[in-house]
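A.B. asks: Build me a model from this:
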Amino acid sequence: MTHARLAKLRERLAHDGLDAILISKPENQAYLSGFTGSNGLLLVSATEALLFTDFRYAEQAAEQAPAFTVEMPEGALIGAAAKIVEADKLKKVGFESDFLTVDAHKAYTQVISPDFLVAAGGLVEEIRMIKDEAELDLMRKAAQIADEAFAAILPLIKAGAREWDLAVELEYQMKKRGAEGLAFEIIAASGVRSSMPHGRASAKIIEQGDLVTFDFGAIYQGYCSDMTRTLMVGEPTAEQRRIYEIVLEAEKRGLAACKAGITGHDLDAVCRDYILEHGYGPEFGHSTGHGVGRYIHEGPRLRKGSNQVLQPGMIVTIEPGIYLPGWGGVRIEDMVLVTETGCESLTKTTKDLLVL
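C.D. replies: This is a model prediction of the structure:
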């Protein structure tokens, strides 16, 4: 798949009038070359694909990035890349302006004329939004790992359990099934803490009558999954059940509307308007969703004002919620693959209200 991704990048460089691009962002390096070391720099032009790294990664780079010429300069990587820029007479060289620090940019301009450097932040990310078949396979597996791990901890979610302990067990169960890490720090928030959309696991003990929200994901061979489920410990009150059903219906409507051609703004509005109609507009304060891939939050964005049009091959989340401080909250999230006619949910865990 590396050659196909390089071809797409080169098409984009030609379209944007760039002679080459310097890739410093780790996830973009991994996407284009396969290299996952901590010290690398890619230079891609119409005729060359170079990976600059150091001695520590000599074998790894050769193994992971067979489509790239690997160089191990003694000095700074950007200095070695600058020699190629000069030798190949490259006059317009893109760089990842959304990632480079001020100091790093200064180092670039010391060896490459500032007149030759062109801000190209987000260029590779736009290509990455459309997943190829190899990526889809890995993301399906990442989602499967999360589903199976969650099923494994369900018997442990009960009154008297501690949020931290459940989060640790969930992480263990994902790694036991092949996850190389967490896509993000696990959210495990119970009772009144479930009103915090990003309530990290704490020492709180779960009590009878608590809503409990878990938001988590696995990383499998560099690709993330993302899923949220809210459940009950003990019988729900009428209000808890009503709010859960509102969020569930909003999410279902979002899934039904999710297909190629809809904008991020319009898909967000499908979920948001339903929650607003039921009187909880201000209590749904975050976006409806986001893209997922090598990074847990990437394009496209499903939010107000987003004119990004969904295309087949994109993977996004649909995750409406209602959050009432001092009471609790509900969020339900699926990760889905956008198709021409709809979407395919990669997360399989039931969304029926689980009463434990």
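A.B. asks: And the helices in the stretch 201-350 of the chain?
C.D. replies: Secondary structure of the stretch 201-350 of the chain by DSSP state H, counting those that start in this stretch: the helices cover 238-257, 264-277.
A.B. asks: ranges for the strands of the stretch 201-350 of the chain?
C.D. replies: Secondary structure of the stretch 201-350 of the chain (DSSP state E, counting those that start in this stretch): strands at 210-216, 218-220, 223-224, 227-233, 289-291, 298-302, 315-318, 321-324, 328-331, 334-338, 343-345.
A.B. asks: Just send the ones you listed back as CSV, with mean neighbour count, distance to Asp132 and mean pLDDT too.
C.D. replies: For every residue, glycine as well, the C-beta is placed using N, CA and C. Output for the strands of the stretch 201-350 of the chain, formatted as CSV (neighbours: other CB atoms under 10 Å; distance: least, CB to CB, whole Å; pLDDT from 0 to 100):
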stretch, mean neighbour count, distance to Asp132, mean pLDDT
strand 210-216, 25, 26, 98
strand 218-220, 25, 16, 98
strand 223-224, 28, 12, 98
strand 227-233, 23, 23, 98
strand 289-291, 25, 15, 98
strand 298-302, 22, 15, 97
strand 315-318, 27, 12, 98
strand 321-324, 22, 31, 98
strand 328-331, 25, 30, 98
strand 334-338, 24, 12, 98
strand 343-345, 17, 16, 98
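A.B. asks: Now tabulate these in JSON lines and tack on distance to Val247.
C.D. replies: Output for the strands of the stretch 201-350 of the chain, formatted as JSON lines (distance: least, CB to CB, whole Å):
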{"stretch": "strand 210-216", "distance to Val247": "11"}
{"stretch": "strand 218-220", "distance to Val247": "24"}
{"stretch": "strand 223-224", "distance to Val247": "23"}
{"stretch": "strand 227-233", "distance to Val247": "8"}
{"stretch": "strand 289-291", "distance to Val247": "14"}
{"stretch": "strand 298-302", "distance to Val247": "16"}
{"stretch": "strand 315-318", "distance to Val247": "11"}
{"stretch": "strand 321-324", "distance to Val247": "6"}
{"stretch": "strand 328-331", "distance to Val247": "5"}
{"stretch": "strand 334-338", "distance to Val247": "12"}
{"stretch": "strand 343-345", "distance to Val247": "16"}
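A.B. asks: Between those strands, which one is closest to Ala107.
C.D. replies: The minimum distance between Ala107 and the strands of the stretch 201-350 of the chain falls on strand 298-302, with 26.6 Å, by CB to CB.
A.B. asks: show me where the stretch 1-150 of the chain has helices.
C.D. replies: 2-16, 26-33, 58-64, 77-87, 102-111, 123-128, 133-153.
A.B. asks: Deepest in the core, which of the ones you listed is it.
C.D. replies: Ranked by mean neighbour count, these are led by helix 26-33 with a mean of 22 (mean count of other CB atoms under 10 Å).
A.B. asks: distance of the residue lying farthest from the centre of the chain from Met335?
C.D. replies: Relative to the mean C-alpha coordinate of the chain, counting by CA atoms, centre = their mean, the farthest residue is Ala87 (37.7 Å). When distance is defined by CB to CB, to the nearest Å, Ala87 is 45 Å away from Met335.
A.B. asks: What of Ala134?
C.D. replies: Counting by CB to CB, the separation of Ala134 from Met335 is 17 Å.
A.B. asks: Over to Thr347?
C.D. replies: For Thr347, the distance to Met335 equals 5 Å [CB to CB].
A.B. asks: before we move on, what about Tyr57?
C.D. replies: According to CB to CB, Tyr57 and Met335 sit 32 Å apart.
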